[in-house]
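Q: Requesting a structural model of the entry that follows:
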Amino acid sequence: MARLIQPDGTETIVTPKAASNEWTLAELQHCVQGHIERCPQQYDGHDVWVNEEGLILELDPNHTASHLLQQSLYGPVLILGADEFVT
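A: Modelled structure (predicted):
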């Protein structure tokens with residue numbers, strides 16, 4: 001199960017539709033509200049996905065996720081679970 005962290009600090013658990021824990025491009029884009037980018041830095045060994053245009057689109061800063069990853073992040077941030085991957 002993945003953690004979706006919104007800019008206002010709220011967190012929800014989200015899962016891909018596939019039973020095999022495979023995330024599709026469309027699902028990732030839906031979660032981060034736009035074009036996706038994988039952060040070069042992982043969180044606790046987990047992949048982190050963000051809106052690649054978050055700063056350009058002036059999305060709200062995500063202070064919660066920024067604190068976790070020690071870098072400035074904008075918009076919704078998706079942290080995949082240990083057994084999840086992208087197809």
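
Q: Which of the three states applies to residue 66?
A: helix (DSSP: H, G, I helix; E, B strand; the rest coil).

Q: wait, isn't it in contact with residue 55?
A: No: here residue 66 does not reach residue 55: they are 11.9 Å apart, not a contact under C-beta atoms under 8 Å. C-beta here means a position set from N, CA and C on the backbone, and glycine is covered the same way.

Q: got any residues that touch both of those two?
A: residue 72 (C-beta atoms under 8 Å, 6 or more residues apart in numbering).

Q: Would you state the helices of the chain in chain order?
A: Ranges of helices within the chain are 25-32, 63-69, based on DSSP state H.

Q: So which elements touch the first one?
A: Packed against helix 25-32, as judged by 3 or more C-beta pairs under 8 Å, 6 or more residues apart in numbering; DSSP states H and E, are the following elements: strand 36-38, strand 48-51, strand 77-79.

Q: Apart from its chain neighbours, what residue comes closest to residue 28?
A: Closest residue to residue 28 apart from its sequence neighbours, by C-beta to C-beta, 6 or more residues apart in numbering: residue 36 at 4.7 Å.

Q: okay but that neighbour is in contact with residue 25, surely?
A: Yes: the pair formed by residue 36 and residue 25 meets the contact definition of C-beta under 8 Å, at 7.2 Å.

Q: Of those two, give the one with the bigger neighbour count.
A: residue 36 (20 against 11; other C-beta atoms under 10 Å).
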